[in-house]
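1. pasting a predicted model and its sequence here:
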Amino acid sequence: MQYLASWLAGSGAVNIFNLMEDAATAEISRSQIWQWIHNEVKLDTGETVTTSLVETIIDEELAKLGDASYADATALFKEVALADDFAEFLTLPAYDRMP
């Protein structure tokens, strides 16, 4: 969410926890989550990755960030990671949200 919020604000790369993150990292992350949901992957805990589980984790992570400025980033992430159909690229729907 931090990277997507920064990208939507115009930053191409962002330092998060001393690592430079960019669109490729966000693309890989959302693609992996989409695949886990659609292939009903089981975690080490035995829990299956579902849309509901991902939404719960998103809410938990947003609570840790403690900032309401992630609404657009969260909506974008959910649009591309939780959709029935796989979006070709994360950045395509992101452009519609940029100022």
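-> Perfect, I can see it now.

2. for burial, what's the neighbour tally of residue 90?
-> Neighbourhood size, residue 90 [other C-beta atoms under 10 Å]: 22. C-beta here means a position set from N, CA and C on the backbone, and glycine is covered the same way.

3. pLDDT value on it, please?
-> Each residue has a pLDDT score; the one for residue 90 is 83.

4. for residue 35, see how far away the residue most central in space within the chain is.
-> Of all residues in the chain, the one closest to the mean position by C-alpha atoms, centre = their mean is residue 77, 3.9 Å from it. Going from residue 77 to residue 35 by C-beta to C-beta, to the nearest Å gives 15 Å.

5. do residue 70 as well
-> 23 Å.

6. and residue 3, by the same measure?
-> Distance from residue 3 to residue 35, by C-beta to C-beta: 19 Å.

7. ok, the two, which is more surrounded?
-> Using other C-beta under 10 Å, the more surrounded residue of residue 3 and residue 35 is residue 3, with 20 against 13.

8. can you tell me the SS state at the more buried one?
-> helix (DSSP: H, G, I helix; E, B strand; the rest coil).
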